[in-house]
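Asker: The following block contains a protein sequence and its predicted model.
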Amino acid sequence: MVTPAHFIALAVILFVIGAVGVLVRRNAIVVFMCVELMLNACNLAFVAFARMHGTLDGQVIAFYVMVVAAAEVVVGLAILTSIFRARRSASVDDANLMKY
Amino acid sequence: MTHHMLLAGPAAETTRLLLYWLLAIVSVAAAIGMILARRAVHCALMLAVVMLSLAVMYAMLGAPFLAFVQVIVYTGAVLMLFLFVLMIVGITAADSVIETIRGQRLWAAIGGIALLVLLSLVIGHAAIGPAAPASPNFGNNNVNALARLIFTKYVFQFELTSALLITAAIGAMVLAHRERTVPKPTQRDLAQQRVASGRPTPLPGPGTYAQHNAVDMPALLPDGSQSRLSVSPVLLAPEPPDLEEPPGIGNGHSADTTPSGPEETSGPAGSSGQEGASGPAGSAAPGPGQEAGEQW
């Protein structure tokens, strides 16, 4: 019997994996991908909660999260390309110009 | 909980459970592979697997609209954008394994476990009930009901997302825009550059005389060595230690370096017997098949 709790547990696991990836990886693009994974995990939890409550509000919120994530990816990747153009590197360790 | 739209009965319940576990194992394995893969392209492909399995889970949870949006927007658009940027940045951009912060991985693992314990406790204490009774809002009427919610209750947020999307589009254009500081080279300039460069002919195409004609397969020169000029620099590995200078055909000095390459190391016929039918490539440059296995 598949209950919403199953999906929420899976969302927790995916969220933690994404968080560890953000902490560990140093390629900025991969860090972005891990952020996307975390957003997807949140969406899964939203959809599961919507199924649990029997209302569609959770699905609407998940839809808006997708819109915001798409906008975030567009701007983030544009920033990455401009950084890469200036510094020839996509590593988050190399972007230390403002370091004292 | 036999409240599914299409299937009912204990057999359907078992099918759903099997499908859930299959998707859970696949998505968690792909997510772990994503944070472990060195190459960013492999990470993107792993992320595509996770997103597609999440789309199937949305369909299981009675959200068919979100399932399709997940496939179209996330897997179709967002991941394609990631791959485009990876092509710009360089497809072989691999993370270095050197830790710049001491103990970063250890502390990240500890923090991850702590976050997992914390969230598990929160979920364990929350009262997560069973699925609500079936309603057409989670089946055939899903799109209509979602549209009614978006355009009535959440219409202000909907307008805000339009402003957000316009801002993001303009921001991306501004950020990715580059002022041209030198005048654009004309056709005459390009032709003069080409003649002055010593190579008036076009560059060799990838895969010529090689074992297969993929774009990342370097062409083979008459002596069996590989031409790095034939592959786009985006696709090339940074500096393979076993390939020296790209042997240019049109250069004046290449006429004496290219034939002397295999003779110094070993003859083409002799090395093919040692290497085990790897073609005419000398031991200085391994065969295309091995090269594809370790470099590309």
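Answerer: Thanks, I have it.

Asker: any low-confidence regions in the stretch 1-150 of chain B?
Answerer: For the stretch 1-150 of chain B, the stretches flagged by pLDDT under 70 are B:1-8, B:90-99.

Asker: I meant the stretch 151-296 of chain B, not that one.
Answerer: B:234-296.

Asker: by contact count, what packs against the lengthiest helix in chain A?
Answerer: For chain A, the longest helix by residue count, based on DSSP state H, is helix A:57-87. Here helix A:57-87 touches helix A:28-53, helix B:64-69, helix B:79-89, helix B:142-152, helix B:155-176, going by 3 or more C-beta pairs under 8 Å, 6 or more residues apart in numbering or on different chains; DSSP states H and E. All C-beta atoms are positioned from the backbone trio N, CA, C, and that covers glycine.

Asker: Show me the contact partners of the second one.
Answerer: When contacts are defined by C-beta atoms under 8 Å, 6 or more residues apart in numbering or on different chains, helix B:64-69 is touched by residues A:43, A:47, A:59, A:62-63, A:66, B:55-56, B:58-59, B:139, B:142-143, B:146.

Asker: try it again with 7 Å
Answerer: A:47, A:59, A:62, A:63, A:66, B:55, B:58, B:59, B:142, B:143, B:146 (C-beta atoms under 7 Å, 6 or more residues apart in numbering or on different chains).

Asker: Now the buried members of the residues you listed.
Answerer: When these are checked for burial by 16 or more other C-beta atoms under 10 Å in any protein chain shown, the buried set is A:47, A:59, A:62, A:63, A:66, B:55, B:58, B:59, B:142, B:146.

Asker: Quick one: the helices in chain B, in order.
Answerer: Using DSSP H, helices in chain B cover B:10-36, B:40-60, B:64-69, B:79-89, B:104-125, B:142-152, B:155-176, B:187-196, B:254-265, B:268-275, B:288-294.

Asker: quick one, what contacts the residue in the stretch 101-250 of chain B positioned nearest to chain A?
Answerer: The minimum distance from the stretch 101-250 of chain B to chain A, using C-beta to the nearest C-beta, falls at residue B:132 (2.7 Å). Residue B:132 is in contact with A:51, A:52, A:53, A:54, counting by C-beta under 7 Å, 6+ apart.

Asker: Pipe the helices of chain B into CSV and attach distance to residue B:205 per row.
Answerer: Listed next are those as CSV, based on distance: least, C-beta to C-beta, whole Å:
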stretch, distance to residue B:205
helix B:10-36, 34
helix B:40-60, 23
helix B:64-69, 40
helix B:79-89, 19
helix B:104-125, 43
helix B:142-152, 48
helix B:155-176, 30
helix B:187-196, 17
helix B:254-265, 18
helix B:268-275, 23
helix B:288-294, 15
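
Asker: among those, which is the most enclosed?
Answerer: Each of the helices of chain B was scored by mean neighbour count; the highest is helix B:40-60, a mean of 22, by mean count of other C-beta atoms under 10 Å in any protein chain shown.

Asker: is that one anywhere near chain A?
Answerer: Yes. Residues of helix B:40-60 are located near chain A by C-beta under 7 Å from any C-beta of the partner chain, namely B:40, B:43, B:44, B:47, B:50, B:51, B:54, B:57, B:58.

Asker: Return the distance of the residue lying closest to residue A:25 once chain neighbours are set aside relative to residue B:188.
Answerer: When the adjacent residues along the chain are set aside, residue A:25 lies closest to residue A:31, with 5.4 Å between them (C-beta to C-beta, 6 or more residues apart in numbering or on different chains). In this view, residue A:31 and residue B:188 are 45 Å apart by C-beta to C-beta, to the nearest Å.

Asker: Output the below-cut-off pLDDT ranges for chain A.
Answerer: In chain A (pLDDT under 70), the answer is A:95-97, A:99-100.

Asker: which residue does it bring closest to chain B?
Answerer: Nearest to chain B in chain A, going by C-beta to the nearest C-beta, is residue A:54, at a distance of 2.7 Å.

Asker: Show the backbone phi and psi for residue A:9.
Answerer: phi -60, psi -40 (degrees, to the nearest 10).

Asker: and it, how many residues sit next to it?
Answerer: Per other C-beta atoms under 10 Å in any protein chain shown, the neighbour tally for residue A:9 reads 19.

Asker: And for the one 10 residues further on?
Answerer: Residue A:19: 22 surrounding residues under other C-beta under 10 Å.
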